[in-house]
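Enquirer: How does the following fold in three dimensions:
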Amino acid sequence: QLKLVESGGGLVQPGRSLTLSCSSSGSPLEHKAVGWFRQAPGKEREGLSCISMFDDSIYYADSVKGRFTISRDKSRNTVYLQMTSLNSEDTAVYYCAADWRYLHCSDSEFGSWGQGTQVTVSS
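Expert: Predicted coordinates:
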């Protein structure tokens, strides 16, 4: 069974950067599609970025395009989300999720989820 763990969240000032990590146990992430999602208080969970199994297809939501970058390090069995130019609207719990493939970067298409990591953007 695939178990995902997110790390790297925390408190960051507006305009600064933060990198989140998603690692797995039980099954490698190497041959999985992986997505990053977030949920702010009172809002629905939002798909931010997804990467396909062979890294040949990457999606970014308009809200993060140009600011966030998803990448995979197979040697470390980790998928990263590099976040730059953070602002208060980026404050949320961030989740990574994995599955064999995805058609849309939507939470309904991913079966394995981490517990989430809190990101708070505040001065």
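
Enquirer: Please count neighbours and contacts with C-alpha atoms only from this point.
Expert: Will do.

Enquirer: What average pLDDT does stretch 15-24 get?
Expert: Mean per-residue pLDDT for stretch 15-24: 97.

Enquirer: Now do the buried residues in it.
Expert: For stretch 15-24, the neighbour count (16 or more other Cα atoms under 10 Å) marks Ser17, Leu18, Leu20, Ser21, Cys22, Ser23, Ser24 as buried.

Enquirer: quick check, nearest of those to Tyr95?
Expert: Cys22 (8.5 Å; Cα to Cα).

Enquirer: Nearest residue to the closest one in space, ignoring adjacent ones along the chain?
Expert: Using Cα to Cα, 6 or more residues apart in numbering and skipping the chain neighbours, the partner closest in space to Cys22 is Glu6 (4.5 Å).

Enquirer: Can I get the strand or helix carrying the one you found in PDB, CA atoms only?
Expert: Using DSSP states H and E, Glu6 sits within strand 3-7. Extracted in PDB, the C-alpha atoms of strand 3-7 (Å, rounded to 0.1, in the frame of the first residue of the first chain):
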ATOM      1  CA  LYS A   3       1.800   5.800   2.000                       C
ATOM      2  CA  LEU A   4       2.700   9.400   1.300                       C
ATOM      3  CA  VAL A   5       4.300  11.900   3.600                       C
ATOM      4  CA  GLU A   6       4.500  15.600   2.900                       C
ATOM      5  CA  SER A   7       7.100  17.900   4.500                       C
END
